[in-house]
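Visitor: 3D, please:
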Amino acid sequence: MKKFIIAALITATLAGCGDAQKGHKDSKADTLLNQTSVNKTGMIAQKITPALWVDKDAKAVVNYYLSIFKDGKLKEYHQYKNPPEAKAQGGQDSFETAVMEIAGMEFSILAAGPYFKFNESVSFVVNCKDQAEVDYYWAALTANGGEEGACGWCKDKYGLSWQVVPVEYFELINSDDPKVREKAMKNTLKQKKLILSELK
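Guide: The predicted structure is shown next:
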């Protein structure tokens with residue numbers, strides 16, 4: 001119950017307590033989960049942004065993903081002080097937020113304590129053009145504390161789940177030829193990293 005109270009306090013803080021922001025004069029424009037980029041026409045560039053809750057060090061999290069997805073960038077970073085109510089419930093003194101862009105998609109990072117963990121009910125699919133790209137992302141995401149799973153699934157060192165899939169795989173499992181579909185599906189169940197040559 002305490003975790004949910006803390007989460008509620010943090011959420012309320014992020015949504016309405018702009019004065020708690022550290023080192024920012026006009027905080028009304030920077031409430032937390034509203035850090036979506038706005039283009040020059042005033043339109044929101046990305047309507048839905050995945051928000052990832054991590055324990056600490058938002059910049060380190062961003063740098064980790066930028067080391068894997070080479071075309072990415074850090075777009076925003078902020079540090080906030082927690083209000084007394086949150087700290088009284090066991091919250092940290094401060095928390096951080098960041099917005100990163102990887103593969104043309106924005107992710108919001110909230111580093112606010114070890115209260116919630118990722119699980120397989122949410123994952124991100126990396127659509128790979130060929131086996132070489134599958135090999136690269138699989139190795140990068142499972143290195144340094146990551147974990148291999150079955151059927152093309154893996155976890156990175158933060159516990160976030162990914163599906164590393166060659167786009168040709170979808171053609172195989174949706175083929176008009178039942179023999180092609182059956183072989184691809186049957187061999188998928190035998191694999192961890194997907195190996196196209198064994199699925200065809």
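
Visitor: ok, the residue nearest to the spatial centre of the chain to residue 186 distance?
Guide: What sits nearest the mean C-alpha location of the chain, by C-alpha atoms, centre = their mean, is residue 52, with 5.3 Å. According to C-beta to C-beta, to the nearest Å, residue 52 and residue 186 sit 34 Å apart. Placement of C-beta: from N, CA and C, glycine included.

Visitor: How about residue 69?
Guide: 32 Å.

Visitor: likewise residue 49?
Guide: 38 Å.

Visitor: the more surrounded of these two?
Guide: Using other C-beta atoms under 10 Å, the more surrounded residue of residue 49 and residue 186 is residue 49, with 17 against 10.

Visitor: and the more buried one, what does it touch?
Guide: 36, 99, 106-108 (C-beta atoms under 8 Å, 6 or more residues apart in numbering).

Visitor: Spatially nearest residue to residue 169 (excluding sequence neighbours)?
Guide: Leaving aside its sequence neighbours, residue 169 sits nearest to residue 194 (C-beta to C-beta, 6 or more residues apart in numbering; 6.1 Å).

Visitor: if we can go back for a sec, and of the contacts of residue 49, the nearest to residue 130?
Guide: residue 107 (25.0 Å; C-beta to C-beta).

Visitor: Run a quick neighbour tally on residue 127.
Guide: For residue 127, using other C-beta under 10 Å, the count is 13.

Visitor: residues of the one helix or strand it maps to that come out buried?
Guide: Element membership for residue 127 (DSSP states H and E) is strand 123-128. The neighbour-count check on strand 123-128 (16 or more other C-beta atoms under 10 Å) flags 123-124, 126, 128 as buried.

Visitor: Pipe those into JSON lines and attach pLDDT and distance to residue 171 per row.
Guide: Listed next are these as JSON lines, based on pLDDT from 0 to 100; distance: C-beta to C-beta, whole Å:
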{"residue": "123", "pLDDT": "98", "distance to residue 171": "21"}
{"residue": "124", "pLDDT": "98", "distance to residue 171": "21"}
{"residue": "126", "pLDDT": "98", "distance to residue 171": "17"}
{"residue": "128", "pLDDT": "98", "distance to residue 171": "13"}
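
Visitor: what's around residue 117, how many residues?
Guide: When neighbours are counted by other C-beta under 10 Å, residue 117 registers 11.

Visitor: which other helices and strands contact the helix or strand harbouring residue 181?
Guide: Secondary structure from DSSP H and E places residue 181 in helix 178-188. Contact here means 3 or more C-beta pairs under 8 Å, 6 or more residues apart in numbering; DSSP states H and E; on that basis helix 178-188 packs against helix 167-173, helix 196-199.
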